[in-house]
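Student: 3D model of this:
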Amino acid sequence: MKFILIFGPQAVGKMTVGQELAEITDLKLFHNHMTIDLVTNFFNYGSKTGTRLVNLFRQEIFEEVSKSDLYGLIFTYVWAFNMQEDWDYVNKVSSLFESRGGYVYFVELEADLEERLERNKSSNRLEHKPSKRNIKWSEEDLKNSMEKYRLNSLEGEINYPNYLKINNTTLSAEEVAQKIKEKFHL
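Tutor: Next up, the predicted model:
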């Protein structure tokens, strides 16, 4: 079992890269908005109930996939490096897969703000993430989160053995997916 965590700030291209990686491997894509947008049909994601349900659905999917005979799973995540609970969450999910004999791979994406603002309006993003269709709100949220959270790691901060950081400002999702496939022999 392979668990690929693709992380980085909003609109950096995590889902799109995940889609491309799933196309060229036998990995399944589980992008973070699959649970967020499901739950927000009923409860605000930021609410106690909304957050609990998102986490519950994700955990149950991780549990079942980690016990399955699937080749592997790609999961996308916005990791706030200045929040200990995000570190704890990443370690918890990684440990689950490793405890069942799986291999965990970490892929960090970074891109310039201008490029992310353009990607925030892409048709693929808006098609697969209904909660991002309010562009004005989404752009404000993207910018505000940069003031509150550190969404890319510092040099040397990530010490996991299977780690790759890619600045994909000028790279296509296909190019990034190919780099990931080659680096980790997927």
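Student: List the buried residues for the lengthiest strand in the chain?
Tutor: Counting by DSSP state E, the longest strand found in the chain is strand 103-110. Buried residues in strand 103-110, counted by 16 or more other Cβ atoms under 10 Å: 104-110. All C-beta spots, glycine's among them, are computed from the backbone N, C-alpha and C.
Student: Tell me where the longest helix sits in this protein.
Tutor: helix 48-67 (DSSP state H).
Student: Sheet partners, orientation included, of the following helix or strand past it?
Tutor: Counting by DSSP states H and E, the next helix or strand C-terminal to helix 48-67 is strand 72-77. In the sheet, strand 72-77 lines up against strand 2-7 (parallel), strand 28-30 (parallel) (DSSP bridges).
Student: What score does Thr49 have for pLDDT?
Tutor: In this prediction, Thr49 carries a pLDDT score of 96.
Student: got the contact list for the nearest residue to it once chain neighbours are set aside?
Tutor: Spatial nearest neighbour of Thr49, chain neighbours left out: Phe43 (4.7 Å); criterion: Cβ to Cβ, 6 or more residues apart in numbering. Counting by Cβ atoms under 8 Å, 6 or more residues apart in numbering, Phe43 touches 49-50, 53.
Student: Let me see the ranges of the helices in this structure.
Tutor: Taking DSSP H to define them, one finds helices in the chain at 14-24, 33-39, 48-67, 84-99, 113-119, 123-128, 135-148, 173-184.
Student: Compare those and say which comes out lowest on pLDDT.
Tutor: Here the lowest mean pLDDT among the helices of the chain goes to helix 123-128, at a mean of 74.
Student: packing partners for it?
Tutor: Helices and strands touching helix 123-128, by 3 or more Cβ pairs under 8 Å, 6 or more residues apart in numbering; DSSP states H and E, are helix 14-24.
Student: go with 10 Å
Tutor: Judged by 3 or more Cβ pairs under 10 Å, 6 or more residues apart in numbering; DSSP states H and E, helix 123-128 is in contact with helix 14-24, helix 33-39, helix 135-148.
Student: Relative to Ser66, which of these is closest?
Tutor: Among the helices and strands packed on helix 123-128, helix 33-39 comes nearest to Ser66, with 16.4 Å by Cβ to Cβ.
Student: Flag every buried residue along that closest one.
Tutor: Along helix 33-39, these residues count as buried under the neighbour rule (16+ other Cβ under 10 Å): 33-37, 39.
Student: before we move on, the earlier item: possible to save the strands paired with strand 72-77 as JSON lines with mean pLDDT, mean neighbour count and distance to Asn120?
Tutor: Rendered in JSON lines, the data for the strands paired with strand 72-77 read as follows (pLDDT from 0 to 100; neighbours: other Cβ atoms under 10 Å; distance: least, Cβ to Cβ, whole Å):
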{"stretch": "strand 2-7", "mean pLDDT": "98", "mean neighbour count": "24", "distance to Asn120": "17"}
{"stretch": "strand 28-30", "mean pLDDT": "98", "mean neighbour count": "18", "distance to Asn120": "20"}
